[in-house]
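Peer 1: Got a sequence here, can you build the structure:
(chains A and B)
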Amino acid sequence: MNSLHAVSSEVPLVWYLILSAVLFCLGVLGFLIKRNLITVFMSIELMLNAVNLSFVTFAHQWHEVKGQIFVFFVMVVAAAEAAVGLAIIIAVFRARATLAVDRIDLMKL
Amino acid sequence: MHLVLFIIFAALCLTGAVNLLFQKQPISSALSLVVVMTSLAVLYLLLGAEFLAAAQVIVYAGAIMVLFTFVVMLLNAGREERTLGSRAYRTVGFPAVAAILAVIATSFIKLQGFGDARMDDHITSTADLSTVLFTKLLLPFEVTSVLILVAILGSVALARKGDAEGREPK
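Peer 2: Predicted coordinates for the structure are as follows:
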């Protein structure tokens, strides 16, 4: 009973890292298979979140506050990136009237 | 208790991420990304990062995803068309993703001396976090505010109608 309780109350931190690796790879996969500019951008956000999870896990392992502060900075930069990226998407849509990445294949607008 | 919560929210996280890939409508993808981010906030809380859990809900699930859904609705993004794409990404891309996952996962599994997470672990309070942030890391913090200012100006300049000289379109 005691050992059962011990087993059910703790989680190896490696599981969190594996979860973050799987989420990251799902993000990469989404980046490859999605054909809409906005959902491609969402896959990038998914990858950022996966890396944040491993930062928090390492911060927990080594009792280090700086790992969490790095996640805080990643969030700030992701917010700035989302604002600029979505503005670019709006500009591209205005010029091309499409969001399909197959048809946005020229740099010159 | 920790194990149960971890399994529930890790499963929610993975389901949301897979659902993001398979939804055809961009708005459904956006909503499943909200699920992923909210369950990640719970996982942060399990790891004792209470401030980050709150910031994750407010910044990611709140602000950023509202921006995404706003743009999806503004541009009236409909069903995504599926094209086969190039053969290169099927022959190179998918094996490369599998290889990345294998490399990262094996290197994580081989990590020595990694501990367990329990319910009664220490919690990094917001006071601890802000003490380090506002003493040792004050300069990066201030520089980020400049970055945000630049991002605001850039997004307004990019999304505005009209040309570079500020003339209105005819």
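Peer 1: When you work out contacts or count neighbours from here on, use the C-alpha atoms and nothing else.
Peer 2: Noted.
Peer 1: which stretches of chain A have low pLDDT?
Peer 2: Residue ranges of chain A with pLDDT under 70: A:1-8, A:108-109.
Peer 1: can you pull out the strands in it?
Peer 2: In chain A, the strands defined using DSSP state E lie at A:10-12.
Peer 1: Surely B:Gln112 forms part of a helix?
Peer 2: No - under DSSP: H, G, I helix; E, B strand; the rest coil, B:Gln112 sits outside any helix and is assigned coil.
Peer 1: same question for stretch B:69-88, mean pLDDT?
Peer 2: Average pLDDT, stretch B:69-88: 79.
Peer 1: buried ones in it?
Peer 2: Within stretch B:69-88, the residues that qualify as buried are B:Thr69, B:Val71, B:Val72, B:Leu75, B:Ala77, B:Glu80, counting by 16 or more other Cα atoms under 10 Å in any protein chain shown.
Peer 1: Check which helix or strand the last one maps to.
Peer 2: What that stands for is B:Glu80. Assigned by DSSP states H and E, B:Glu80 belongs to no helix or strand.
Peer 1: Ramachandran angles for it?
Peer 2: Here is the backbone geometry of B:Glu80 (degrees, to the nearest 10): phi -80, psi 130.
Peer 1: hmm, back to that, return the closest of the buried residues of stretch B:69-88 with respect to B:Asp121.
Peer 2: B:Thr69 (36.9 Å; Cα to Cα).
Peer 1: and the host helix or strand of that closest one, anywhere near chain A?
Peer 2: Using DSSP H and E, B:Thr69 falls within helix B:65-74. Yes - using Cα under 8 Å from any Cα of the partner chain, helix B:65-74 comes into contact with chain A via B:Leu67, B:Phe68, B:Val71, B:Val72.
Peer 1: Which one of these is nearest to A:Arg103?
Peer 2: Using Cα to Cα, those come closest to A:Arg103 at B:Val72, 18.1 Å.
Peer 1: mind listing the helices for chain B?
Peer 2: Remark: helices assigned in chain B by DSSP state H are B:2-22, B:26-46, B:50-55, B:65-74, B:87-88, B:94-109, B:126-135, B:138-159.
Peer 1: Spatially nearest residue to the one residue in chain A that gets nearest to chain B (excluding sequence neighbours)?
Peer 2: Closest residue of chain A to chain B, Cα to the nearest Cα: A:Pro12 (4.2 Å). In this structure, A:Pro12 finds its nearest non-sequential neighbour in B:Asp116, 4.2 Å apart by Cα to Cα, 6 or more residues apart in numbering or on different chains.
Peer 1: From A:His60, how far off is the one you found?
Peer 2: Remark: distance between B:Asp116 and A:His60 (Cα to Cα, to the nearest Å) = 10 Å.
Peer 1: Tell me which of the two has more neighbours.
Peer 2: Set side by side, B:Asp116 and A:His60 show more neighbours around A:His60, with 25 against 15, by other Cα atoms under 10 Å in any protein chain shown.
Peer 1: residues contacting the nearest residue to that one once chain neighbours are set aside?
Peer 2: Among residues not flanking A:His60 along the chain, B:Leu47 sits closest, at 6.3 Å (Cα to Cα, 6+ apart). Contact analysis of B:Leu47 by Cα atoms under 8 Å, 6 or more residues apart in numbering or on different chains lists A:Val56, A:Thr57, A:His60, B:Ala117, B:Ile123.
Peer 1: try A:Gln61
Peer 2: A:Gln61 touches A:Leu13, B:Phe114, B:Gly115, counting by Cα under 8 Å, 6+ apart.
Peer 1: before we move on, what about B:Met65?
Peer 2: Contacts of B:Met65 by Cα under 8 Å, 6+ apart are B:Ala30, B:Leu33, B:Val34.
Peer 1: And B:His122, by the same measure?
Peer 2: By Cα under 8 Å, 6+ apart, the contact list for B:His122 reads B:Gly48.
Peer 1: and if we set it to 10 Å?
Peer 2: B:His122 sits next to A:His60, A:His63, B:Leu47, B:Gly48, B:Ala49 when contact means Cα atoms under 10 Å, 6 or more residues apart in numbering or on different chains.
Peer 1: So what pairs up with B:Ala49 in the strands?
Peer 2: Bridge pairing for B:Ala49 (DSSP bridges) gives the partners B:Thr124.
Peer 1: Was I right to think it contacts B:Ala127?
Peer 2: No - between B:Ala49 and B:Ala127 there is no contact under Cα atoms under 10 Å: 11.8 Å.
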